[in-house]
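1. sharing a sequence plus its predicted fold:
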Amino acid sequence: MKRWLVSFAFTLVACGQGNLVDSQYRDIRSLLSRTSVDGAIDPLAAPTLGSASPASIAMGGPDFVLTVNGSGFINQSVLRWNGQDRDTQFVSSGQLRANITASDIATPGLSSLTVFNPGEDGGESSAVYFAVFISQVCSDIIYDPVDGLIWASVPSIVGGNGVISIDPQTGERSSVVFVGSEPAKLAISDDGKSLFVALDGAAAVRQFDIPRRTAGIFFPVGRDSSAGLMFVEDMQVLPGYSDSVAISRRLEPFISPRHAGVGIYDFGVIRPTQTPGHTGSNVIQFSNSPDRLYGYSNEGDGGFRRMRVDDSGVTTLDSAVGLLAGGRDFRFDRYDERLYSTGGRVVDPEQRILLGTFPSVSSGSLVAPDSANGRTFYLTDVDHTLWVFDPNTFTPLGQARIPGISGTVASLIRWGDDGLAFRTGDQIIILTSPVPPMPPTGRRIVQR
Amino acid sequence: MNKSLVPVAFVLMACGQANLVDTQRDRMAPAIRSLLSMNRGLDPLAAPTLSSASPASIAMGGPDFVLTVNGSGFISESVLRWNGEDRATQLVSSDLLTANIAANDIATPGLSSLTVFNPGEDGGESNVVYFAVFVSQACNDLIYDPVGGLIWASVPNSGGNGVLSIDPYTGERSPLVFVGGEPAKLAISIDGQSLFVALNTPGAGLQFDIPSRTPGIQFTLGTGYAGLPLLVEDMQVLPGRSDSVAISKRDQSIRPRHAGVAIYDSGVMRPTYTTRPSGNNVIQFSNSSDRLYGYNTESTGNDFHRLQVDDSGVVILDSVRGLIVYAQDIRFDRYDERIYSNTGRAIDPERMILLGTFPNVTSGSLVAPDSANGRTFYLTGDTHILRVFDPNTFTPLSQAQIPGVSGSVTSLIRWGDDGLAFRAGNQIFIITSPVPPMPPTGKRMVSQR
C-alpha cells in the first residue's frame, strides 16, 4: 500500500506537475517527505520537534502565532499544546505554524509542545517545553507557605523600590508596596508574619508586616570604621521567631574580601556578639533550631561553618574546609536536615560528612531541595536545564530544558507540593515539576 | 477589498507616477499610502521617528534660522512641531526635513520639544527630541538668588572679570560689574544681601552687595606651601548671616590640595579652623549656622564630616567613612534636611545613615535636590541626560537628553518652582523641569530659605 502510493506520487511529479493544483502538490510533497534521499522508502516515523519561536512568552498577552522547527512535518501535522491540538499550518517539512490563544498564556507555567502526525504511520514527537513567564523585573523571590504566595523585591528602575506578592497559580500580582531603596535579598519568618527585605540602596533592612502589607522597622546593617557601610549578602529569619534575623554582611564597593561577619538583629538591634569579617560565612542557612546556624565561605577558604546562636549573638563553633566545595550557595532541607550545595553535594551538617553527590550538576547551578516530597531540583545556569533527583539515591529522575530564558538565573524556590519558581533580570518563571512528588514515608518529621 | 485596491495603487505608482504633476502626486499620496498600509506584505505606515536636529541647540536672541531634523518615515505632508506648534516644513527626503524657526522662538532661553507629525489616519506624531536655546555667556559659576529671582554668574577674565545677573525667564543679562581677577565660585546669603565671589587671581574672597550691585570687602585666604595664595574650593554663607562665610581652601602647589575650612566674618577669619588632613573639600551648611557638613573628594577615604561652627570658628565633630563614596560634590536640601551626593546617594547627615540611592546616576553627574517640590534632579556629566527622581521613593520619574551642550557641565542649580540651570563652556542653559513639581504635603517646614 505504502509503496504503491509513493510510486503514484513519483509518477504524478514526473509527468503531471505542471497541471497540479496547490493542494495536490502539497499532498505529493507530503508523501515525498516520507521517502529517504536515495529513493528507498523509509518506514514512517513520528516527527521530530527541535525548537519553537518564540521560545517563551510573557503571560497575559493576546493570541499569537507559534512557529516550530523540526523535521518530518506533513500537511496534516498538528501542534499539541499540553497534549491538546491547536490550529496548525504546514510551512514545510521542517516548519509549522500554530495559533496559540490568549487563554493558553493567561497563567504562568511550562507547557509541553509536541507535533502529531496522524495515521497508522504517524506518531507524536518528543516534547519541547515552552515557558509562559511573568514579565517582572525583580531582585529576589521567596515563597510564603502560609499565604501560598510568592514575594518579589522590585528595584527602583521599574518604579518599584517595593515588594509585590504573586499568586503562583494564576500569576496575579499585587500592587507594589514601597519598602526602601533597591530592595534585594528576601527572608521570611516561619509564621508568615515578617518579610525581611535587604535594601541595597540604603545599606539597610526593612522588616515588612505581611498580614498588614505595611513597611515596618528600617535598620542599617552596620558600618565598618575603616571600610564603610555594610550591606546584606545573605539573610535568614530565626526559626520560630518573627522579629529576629541573621545577616551575613558584606562591604562594598571594591573591597575584597567583602565579608563583614554575621550578626543577629532583634527588631533591628544587633546582638553584641558577631562573627569576624574577612573570611567567614558569606551564605548562611538556619537548621530547624534557632540555636544552630550554618555558613559557607564562597570567597575565602571554602569552609563550612557551624555557628551557635544565643542571646549574646552568634559565634563560630568549627569549620570544615572542602566539605561543600564547588558551589556558591547551599540550602538546608528542613525534612531530612541535610545541606545541599549548588555544586551538587549533600552533607550531614552535624556529623560534617559528605553523604552523596548528584551527577551532572555544574558549578553555578541553583538548588532547591525537597526531601519531604522525595525530590531535589537543580537548575543549570548555562543551558537552563532543570534536573530532578532522588535525594535518597542521588540518581536523576528527569530533566527538562527550559527555553527562552534571558539573562542569569537566580532564586530557585519551591512552592506548593510540586511547584518551582526562579527569576532572571526581568522574568519570573513559575512552573510545576516535570516529575511528580513522592510523598514521604513517615521517616522524619518536620520540626517547624 | 483591501487587496484589490493595493494593485491599483501599485499600478498608479508604477505606470503613472512619471506623468503626475506635483499637485496630483501630493493629492494621491495619502490615498496610496493608505492603500499600501492595508497590505500585510508591506510595512504599515506609522508615526515618523525623530532622531536629531541640526543645530542641536542655539544661542538665544538670534535671527530666523532653518532647522534640519533627521529621522525616518517623513513624507511631504510632515510637519515639524516646536513645543507642539506647527512650523513651516520642507521635505528633503524620507529621513530629512527642514523647518523655518522664527527669531521669536529663540528669543528666550529654554528647552523646546521637537516632534514631527504625519497627518492622516495612518500617520501620527513622532517621539520628542529636545532643542535647547541657551544664553551665550562665558562664566565660571552660577547661583540663584530667590529673593531677587535672578541667576548670578561669575564671568572670567576673558569676559570681563565680573559678575552679572540673568533673568531666568527672559535671559536678559545685567551689565557686568567688575569684581577682580578670575571670579569663580559663588555663594549667596539667604536674605539676598550678599554674594560672595571667589577670586582665583591672585586668590581671595570678595563680598558683593547685591541690592546696590557694588563690590565690597575683599579678603585673602593665606598662603600655601609654595608661598602661593590659597584659593577657594568651596564656599557657603552661614544661614541667617549676610557677612559670614565658610570657605574650604585649596593649595595650588601640593596634593592633596585641601587646606582646611575656616569661617570669615566681614573678611576676618575666626581663630579656630580645620587643618589640611581633614579633607573637607566640599562643604554644605545645614539649616543652622552651627552645623556644617564636609566631604573629602580627594582620597579613597570618602570621609563625611559633621563640623561644629561657633564664634571661635569651626571644628570637626565626627567623621564617617563610606557613607558617601566616590562623589565629587554634595548638596544639602533645606526642606528634607538630607544630603544628596552627586553620585546618587541620599543620607541623613545627623544620624549618619544612608537613606537611599538613585539608580543609574553615574560618577561625574551634577545634583540639584528639591524635596520641597518632590523632585531630585541629576544631570549626567558625559551624556547630558537630565534625570528626575522622586526623593521619597528614589524612583525615576522622567528623563530628557539635553542636546547641543559643548564641554563639561557644572553648576546645576534650581530656580523658581520648576526651573533648572547649568553651564558648559560658554553656554548657560536655563530650562524648566520636564516633570511638574509635586508640592509638599506639609510634612516638613523649610526653616530657612
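-> Perfect, I can see it now. Residues are numbered from 1 along each chain as shown, chains lettered A, B, ... in the order given.

2. elements contacting the one helix or strand B:Arg306 maps to?
-> If you go by DSSP states H and E, B:Arg306 is part of strand B:303-310. If contacts are counted by 3 or more Cβ pairs under 8 Å, 6 or more residues apart in numbering or on different chains; DSSP states H and E, strand B:303-310 sits against strand B:291-295, strand B:313-321. Bear in mind the C-beta positions are built from the backbone N, C-alpha and C, glycine included.

3. mind listing the strands that strand pairs with, and their directions?
-> strand B:291-295 (antiparallel), strand B:313-321 (antiparallel) (DSSP bridges).

4. compute the first-to-last residue distance for stretch B:170-180.
-> One end of stretch B:170-180 to the other measures 27 Å (Cα to Cα, to the nearest Å).

5. how about that stretch: buried residues?
-> Buried residues in stretch B:170-180, counted by 16 or more other Cβ atoms under 10 Å in any protein chain shown: B:171, B:173, B:176-177, B:179-180.

6. check contacts around the residue in the stretch 251-400 of chain B that chain A sits nearest to.
-> Residue of the stretch 251-400 of chain B nearest chain A, by Cβ to the nearest Cβ: B:Gly322 (1.6 Å). Neighbouring residues of B:Gly322 by Cβ atoms under 8 Å, 6 or more residues apart in numbering or on different chains: A:223-224, A:227-229, A:251, B:302.

7. so which of the residues you listed is surrounded by the most neighbours?
-> Counting neighbours by other Cβ atoms under 10 Å in any protein chain shown, A:Leu229 leads the contacts of B:Gly322 with 28 neighbours.

8. ok, A:Asp370 - contacts?
-> A:333, A:335, A:376-377, A:414, A:437.

9. in strands, which of the residues you listed fall?
-> A:376-377, A:414 (DSSP state E).

10. most neighbours among these, which one is it?
-> A:Thr376 (28 neighbours).

11. all strands for the stretch 251-400 of chain A, in order.
-> Along the stretch 251-400 of chain A, the segments classed as strands by DSSP state E, counting those that start in this stretch run A:259-266, A:269-270, A:283-286, A:292-296, A:303-310, A:313-321, A:330-332, A:339-341, A:345-348, A:353-357, A:366-370, A:375-379, A:385-390, A:395-401.

12. can I get those strands in CSV including mean pLDDT?
-> Below are those laid out as CSV (pLDDT from 0 to 100):
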stretch, mean pLDDT
strand A:259-266, 98
strand A:269-270, 98
strand A:283-286, 98
strand A:292-296, 98
strand A:303-310, 97
strand A:313-321, 97
strand A:330-332, 97
strand A:339-341, 97
strand A:345-348, 97
strand A:353-357, 97
strand A:366-370, 97
strand A:375-379, 96
strand A:385-390, 95
strand A:395-401, 93
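
13. list, one by one, the residues from the stretch 151-300 of chain A near chain B.
-> Proximity of the stretch 151-300 of chain A to chain B (Cβ under 8 Å from any Cβ of the partner chain) is limited to residues A:155-157, A:159-161, A:178, A:180-182, A:199-204, A:220, A:223-229, A:251, A:253.

14. now restrict the residues you listed to buried residues only.
-> A:155-156, A:160-161, A:178, A:180-182, A:199-204, A:220, A:223-224, A:228-229, A:251.

15. show me where the stretch 1-150 of chain B has strands.
-> So, for the stretch 1-150 of chain B - with DSSP E, counting those that start in this stretch - the strands run B:49-54, B:57-59, B:65-72, B:79-82, B:85-87, B:89-93, B:96-101, B:110-118, B:124-125, B:129-136, B:141-145, B:150-155.

16. winner for burial among those?
-> Mean neighbour counts were compared across the strands of the stretch 1-150 of chain B using mean count of other Cβ atoms under 10 Å in any protein chain shown; the top stretch is strand B:150-155, at a mean of 25.

17. and B:Thr214, what does it touch?
-> Counting by Cβ under 8 Å, 6+ apart, the residues that B:Thr214 touches are B:177, B:208.

18. at 6 Å instead, please
-> For B:Thr214, no contacting residues are found, by Cβ atoms under 6 Å, 6 or more residues apart in numbering or on different chains.

19. next one, pLDDT for it please.
-> For B:Thr214, the model assigns a pLDDT of 98.

20. just the closest residue of the stretch 51-200 of chain A to chain B, please.
-> A:Ser181 (3.1 Å).

21. helix or strand: which one has that residue?
-> A:Ser181 belongs to no helix or strand, assigned by DSSP H and E.

22. so it touches B:Gly356, yeah?
-> Yes - taking contacts as Cβ atoms under 6 Å, A:Ser181 lies within contact range of B:Gly356: 3.1 Å.

23. and the residue of the stretch 251-400 of chain B closest to chain A, how far from B:Gly205?
-> 32 Å (Cβ to Cβ, to the nearest Å).

24. outside of the helix or strand B:Arg414 falls within itself, list whatever touches it.
-> Using DSSP H and E, B:Arg414 sits in strand B:409-415. Strand B:409-415 is contacted by residues B:141-142, B:144, B:168, B:366, B:368, B:370, B:379, B:381, B:421-424 when judged by Cβ under 6 Å, 6+ apart.

25. how about these, which pair is most distant?
-> B:Pro168 and B:Gly381 (22.3 Å; Cβ to Cβ).

26. the two - which one has more neighbours?
-> For B:Pro168 versus B:Gly381, the count of surrounding residues by other Cβ under 10 Å is larger for B:Pro168: 25 against 18.

27. you'd agree that one is in a strand?
-> No - counting by DSSP: H, G, I helix; E, B strand; the rest coil, B:Pro168 falls outside a strand, being coil.

28. so who does the residue of the stretch 51-200 of chain A closest to chain B touch?
-> So A:Ser181 contacts A:161, A:199, A:201-202, B:356-357, B:394 (Cβ under 6 Å, 6+ apart).

29. show me chain B divided up by domain.
-> B:2-38, B:49-133, B:139-432 (automatic domain parsing).

30. what of chain A?
-> Domain segmentation of chain A under automatic domain parsing yields A:1-43, A:47-132, A:133-432.

31. name the stretch among those that sits most buried.
-> Once neighbours are counted as mean count of other Cβ under 10 Å, the most buried of these proves to be domain A:133-432, having a mean of 20.

32. start to end distance for that one?
-> The first residue of domain A:133-432 is 13 Å away from its last residue (Cα to Cα).

33. run the chain-centre distance for it.
-> 13 Å (Cα atoms, centre = their mean, to the nearest Å).

34. how about chain A: which residue is closest to chain B?
-> For chain A, Cβ to the nearest Cβ, closest residue to chain B: A:Gly228, 1.6 Å.

35. what residues does that residue make contact with?
-> B:321-322.

36. which strand residues bridge it?
-> A:Asp224.

37. how far away is it from B:Pro437?
-> For A:Gly228, the distance to B:Pro437 - Cβ to Cβ - is 34 Å.

38. could you do A:Gly94 as well?
-> 60 Å.

39. and if you look at B:Gly120?
-> In terms of Cβ to Cβ, B:Gly120 sits 38 Å off from B:Pro437.
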